[in-house]
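**Q** let me see the structure of the following:
(3 chains)
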Amino acid sequence: MGLVESGKLPKPLTQLLSLSRKYSLWVYQWGLACCAIEMGSAFASPRYDVMRLGVIPFPASPRQADLVVISGTVTDKMAPAVKRLYDQMPDPKYVISMGSCANCGGPYWDSYSVTKGVDQIIPVDVYVPGCPPRPEALLEGIVLLQERIGREDMADRWKGDPIVVG
Amino acid sequence: MTVTDSQKMAYVAAQAADARVNLQFETEDGMTLNMGPQHPATHGTLRIVAQLDGEQVVRCEPIPGYMHRGYEKLCEVRTYPQVTTLINRIDWLGSFANEVPFILAAEKLMDVEAPPRAQVIRTILFELSRLGNISLFLGDLGIQLGGITIGFYAFRDREFVLNQIEAATGGRFHPNFDRIGGLKDDLPKGWIAETHLAMERMRRLCDEFEELVLGNEIFQARTRGIGVIPTDIATSYGMSGANLRATGVDWDLRRDACPPGLSYDLADWKVWTHPDGDSYARTWIRLQEVRESTHIVDQLLDSIPAGPIMAKVPRIIKVPEGEAWVATENPLGEMGYYVVSKGDLVPFRVKIRSASFNNISVVPWVTRGVFVPDVITILASLYFILGDIDR
Amino acid sequence: MRTWLTAGRVIRLSSADTPTTESSEDVVEAVRDERREALAERLTTVLGDAVVETHIRPGDDLWVRVNREAWAEVAEASRNRLGLRFFDFLSAIDWLPSPFGRDMDAQEDLDAGASSSEPAPIVTGYAGGDTRFQLLARLFDIDEHIGVTFKADLPDEDLSAPTWTGTFLGAEWHERETWEMFGISFTGNRNLVHLYLPGAFEGNPLRKDFPLLARRVKPWPGIVDVEPMPGADEEADGDEAGAS
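**A** Modelled structure (predicted):
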């Protein structure tokens, strides 16, 4: 793995690795609030069917996941658990922040108990705005993330700016 | 009030569990099991801490608060039209149903009545959000018990109800459509016929659910006689909705204490009760409720009167001084708002009485003496929405 | 009264600008009013001196203010002797006018809130009250379809009341919530620990003098009315330039 992370891999091999990572994203469902139902619609309903994109929404544990969708309001009481579960995920890991609450606090911007933005705790790769975003918006966020993974140079994975859907 | 045998058994099991708790405190034996706050079986971020004796639960305590967003405080700094945007998100599956009692309370304080057309459409949307809510319950229950198929079916058919809500209100999830004195907009063209078709689909989902889940031997074994709640315990905990009707109480706010502003009196339907009070009864009642709800919608769709959809209300809404309590039969149970107004643009105090809060507070009582897998069944059949518990 | 015939039913049409007075509704209101008066009388006979004041809004609701000392007996008597078996909710009200005004909905509120040094008088609602904090609870009779809202004054120096958990098991969570949100303790409730907030949280959020810090830091960003349209602003500037 030292070779991969140093970015000194031959180019075709990097592309092969990126391609396979791109189409086997195991996503850990992090249902927190209203957005969780829209995420459920995107992942579990026959109408949207996320599996056709090569995203597998089944891991029961963060230890098997590559991608996590933080869907909903993160409260101050929940924040330590969010951080802890994120830390348990193996590298490389990606985070989609779904909905206004996870992005910035949303309608609870002045609440005394809500963390205003999950990016205060963990790094976010894709922001999906909306309250809640439609399942299509979440799918677009996933597709954009896959594009980036496909082009990704592993050495500077953390240097890119986050994607904002919309 | 008669106490059935199964209800007596629940008391016996609870007393046995109590005895075991004492034993455990004396011997410091047993094991503590923590579920959550992020756990697939708790659908949401409810944390459950159970003390076990072998496989049996002797004490089980839900720990809410992981979704507490401070609605009651935030309502005090938002104007009345802004409040409806916020309270949509309490019970996020039946969003429109959350707005209605608050709007009715404000209307009561202002002495405004919505025109009949608005009242009927409001009632239809109320029932549609109930369908969207409880259909997901039917799917979710299957998933919790290991039968994923019905979950896909429920998600599939629920989309048709959401389509209708979206066509009328513009929002799939959080319509924010109800206004003091009426509704934001009229119905779009062709909506009534489409909704009839969606109701037909929902009835088919009910039949599928009945065959796939209710008739299933494993489901019956896991729910019959599990989690029995006697009537006086249910009222003492303030349980409402289908959970209360499953204990044999014939009480439905839509029929018995419908606040003015909703037109349930135009429809003819039945309130189902079940004498058992167990997990099976709660599921069965909800299934019948979906069926009755589709009939209510069908009848109301055919009797929408012509006329305006908005009464005359001032542009800047100031609600006169007073206190009002309005409760409606929401998908999860009785949801009420106690609104105190000081004649200002913002409410002075809003006490939100949400159904799940009371429904889940019974969990420590009802889970004593059950097995660990039964905790999942009981929680799933009590049916809660985290936002409705934590507010 | 205008009516509309549809699907074999007569539906009345009304709008708020033409108020229709319907005799049938008036009769219903009067009947329900009598029921509430009777219930208030029964409450007064059963509870005796504990009842301080009652208030009835005809056809709507009944408010009863009781002594704090008799708070537990009120629940016991209501449930066992008056048939009010259904426990709706238990909470409290802080009648202190918010020291922050509307908490910076607009710039004017900020100025007004900063300048007004003398606190506004406390005005309580239905059934009266003498103190800043009042307990608020509601019970319901499922058989008779009638409900009562109870209130009780709590003196500032001793914010505590007897618990209802002996009568209504569900009161435990409600009392924990009230304890957490208002700082009102309930004697006899042994489980007064945080329900919603993390253990290290300081303050009682639903008290009126608890500030929402996000609003303190920054005024509400949604006041679009006071902001001029971008295009209109530039045009105005251009006009001024042309005039000069």
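**Q** so where's chain A shaky on pLDDT?
**A** Along chain A, the parts satisfying pLDDT under 70 run over A:1-7, A:153-161, A:166.
**Q** so where's the longest strand in it?
**A** Selection of the longest strand in chain A by residue count, based on DSSP state E, yields strand A:25-31.
**Q** who's in contact with that one?
**A** Among residues not part of strand A:25-31, those counted as contacts by CB atoms under 8 Å, 6 or more residues apart in numbering or on different chains are A:36-37, A:39-40, A:43, A:50, A:54-59, A:61-62, A:64-72, A:82, A:85, A:89, A:94, A:142, A:145-146, A:149, B:38, B:40, B:43-45. In short, each C-beta sits where N, CA and C put it, glycine included.
**Q** hey, where'd the strands end up in chain A?
**A** Using DSSP E, strands in chain A cover A:25-31, A:55-56, A:67-71, A:94-98, A:126-128, A:163-164.
**Q** and the third one with chain B, contact?
**A** Read it as strand A:67-71. No: Strand A:67-71 stays out of contact with chain B when judged by CB under 8 Å from any CB of the partner chain, the minimum separation being 10.6 Å.
**Q** and that strand, what other elements does it pack with?
**A** Under the contact criterion of 3 or more CB pairs under 8 Å, 6 or more residues apart in numbering or on different chains; DSSP states H and E, the helices and strands touching strand A:67-71 comprise strand A:25-31, helix A:34-44, helix A:79-88, strand A:94-98, helix A:135-151.
**Q** so what's B:Ile285 closest to, chain neighbours aside?
**A** Spatially, and ignoring its direct neighbours in sequence, B:Ile285 is nearest to B:Ala242 (4.4 Å; CB to CB, 6 or more residues apart in numbering or on different chains).
**Q** wait, doesn't that neighbour sit right on B:Val290?
**A** No: using CB atoms under 8 Å, B:Ala242 makes no contact with B:Val290, being 10.3 Å away.
**Q** what residues does chain A put near chain C?
**A** By CB under 8 Å from any CB, the part of chain A that sits against chain C consists of A:Asp76, A:Lys77, A:Trp109, A:Asp110, A:Ser111, A:Tyr112, A:Ser113, A:Lys116.
**Q** just the buried residues of those residues.
**A** With neighbours counted by 16 or more other CB atoms under 10 Å in any protein chain shown, those contain buried members at A:Asp76, A:Lys77, A:Trp109, A:Asp110, A:Ser111, A:Tyr112, A:Ser113, A:Lys116.
**Q** list the contacts for the second one?
**A** So the one you mean is A:Lys77. Under the criterion of CB under 8 Å, 6+ apart, the contact list for A:Lys77 reads A:Ser113, B:Gly65, B:Tyr66, B:His68, C:Tyr196, C:Leu197, C:Pro198.
**Q** for the spatially closest residue to it that is not a sequence neighbour, give me its contacts.
**A** If the residues on either side of it in the chain are set aside, A:Lys77 comes closest to C:Pro198, at 4.6 Å by CB to CB, 6+ apart. If a contact means CB under 8 Å, 6+ apart, then C:Pro198 has A:Asp76, A:Lys77, B:Gly65 as its contacts.
**Q** can you pull the phi/psi pair for C:Pro198?
**A** Dihedral angles phi and psi of C:Pro198 (degrees, to the nearest 10) take the values phi -60, psi 150.
**Q** tell me the spacing between it and C:Ala214.
**A** Using CB to CB, to the nearest Å, one obtains 18 Å as the distance from C:Pro198 to C:Ala214.
**Q** about what we covered before: need the helices and strands packed on strand A:67-71 in CSV (columns: mean neighbour count).
**A** CSV is the format used below for the helices and strands packed on strand A:67-71 (neighbours: other CB atoms under 10 Å in any protein chain shown):
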stretch, mean neighbour count
strand A:25-31, 21
helix A:34-44, 26
helix A:79-88, 16
strand A:94-98, 27
helix A:135-151, 19
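**Q** how near is the residue lying closest to A:Asp119 once chain neighbours are set aside to chain C?
**A** The shortest distance from A:Asp119 to any residue that is not its chain neighbour, by CB to CB, 6+ apart, is 6.7 Å, and that residue is A:Ser97. Remark: distance between A:Ser97 and chain C (CB to the nearest CB, to the nearest Å) = 19 Å.
**Q** give the bridge partners for A:Ser97, please.
**A** Using DSSP bridges, the bridge partners assigned to A:Ser97 are A:Ile70, A:Tyr127.
**Q** what residues are up against it?
**A** The contact partners of A:Ser97, taken as CB under 8 Å, 6+ apart, are A:Ile70, A:Asn103, A:Gly117, A:Val118, A:Asp119, A:Val124, A:Val126, A:Tyr127, A:Val128.
**Q** cool, B:Leu33 as well?
**A** Going by CB under 8 Å, 6+ apart, B:Leu33 touches B:Val49, B:Ala50, B:Gln51, B:Leu52, B:Val372.
**Q** hmm, try it at 6 Å
**A** For B:Leu33, the contacting residues are B:Ala50, B:Leu52, by CB atoms under 6 Å, 6 or more residues apart in numbering or on different chains.
**Q** that one sits in which helix or strand?
**A** When secondary structure is defined by DSSP states H and E, B:Leu33 falls within strand B:31-35.
**Q** and that strand, which strands flank it?
**A** Paired strands of strand B:31-35, with direction, are strand B:47-53 (antiparallel) (DSSP bridges).
**Q** okay if I get the contacts of C:Pro198 as JSON lines plus distance to C:Asp60?
**A** Below are the contacts of C:Pro198 laid out as JSON lines (distance: CB to CB, whole Å):
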{"residue": "A:Asp76", "distance to C:Asp60": "39"}
{"residue": "A:Lys77", "distance to C:Asp60": "38"}
{"residue": "B:Gly65", "distance to C:Asp60": "34"}
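**Q** which of these fall in helices?
**A** Judged by DSSP state H, helices contain none of these.
**Q** OK, now which residue of chain C is nearest to chain A?
**A** At 4.0 Å from chain A, C:Ala214 is the closest residue in chain C, using CB to the nearest CB.
**Q** wait, a strand at that residue?
**A** No: checked against DSSP: H, G, I helix; E, B strand; the rest coil, C:Ala214 lies outside a strand; its state is helix.
**Q** please verify my assumption that it contacts A:Asp110.
**A** Yes: contact status for C:Ala214 versus A:Asp110: in contact at 4.0 Å, counting by CB atoms under 6 Å.
**Q** before we move on, back to that, any idea how far the residue nearest to A:Asp119 is from chain B?
**A** As it turns out, when the distance is counted by CB to the nearest CB, A:Ser97 lies 16 Å from chain B.
**Q** where's B:Val58, which helix or strand?
**A** For B:Val58, the host element (DSSP H and E) is strand B:56-63.
**Q** alpha carbons of that strand, as PDB, please.
**A** As requested, the backbone C-alpha atoms of strand B:56-63 are provided in PDB (Å, rounded to 0.1, in the frame of the first residue of the first chain):
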ATOM      1  CA  GLN B  56     -34.100 -12.300  28.600                       C
ATOM      2  CA  VAL B  57     -34.500  -8.600  29.100                       C
ATOM      3  CA  VAL B  58     -34.900  -7.600  32.700                       C
ATOM      4  CA  ARG B  59     -34.700  -3.900  32.200                       C
ATOM      5  CA  CYS B  60     -34.700  -1.900  29.000                       C
ATOM      6  CA  GLU B  61     -34.300   1.900  28.800                       C
ATOM      7  CA  PRO B  62     -34.600   3.900  25.600                       C
ATOM      8  CA  ILE B  63     -32.300   6.900  25.500                       C
END
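**Q** model confidence over it, on average?
**A** Summarised as a single mean, pLDDT over strand B:56-63 is 83.
**Q** which helices and strands sit right next to that strand?
**A** With contacts defined as 3 or more CB pairs under 6 Å, 6 or more residues apart in numbering or on different chains; DSSP states H and E, the packing partners of strand B:56-63 are helix B:5-27, strand B:47-53, helix B:363-366.
**Q** which one of those has the lowest average pLDDT?
**A** Ranked by mean pLDDT, the helices and strands packed on strand B:56-63 end with helix B:5-27 at the bottom, a mean of 62.
**Q** got the contact list for the closest residue to chain A within the stretch 251-391 of chain B?
**A** In the stretch 251-391 of chain B, the residue found nearest to chain A is B:Gly387; the distance is 6.2 Å by CB to the nearest CB. With contact set as CB under 6 Å, 6+ apart, B:Gly387 has these partners: B:Met67, B:Ile90, B:Trp92.
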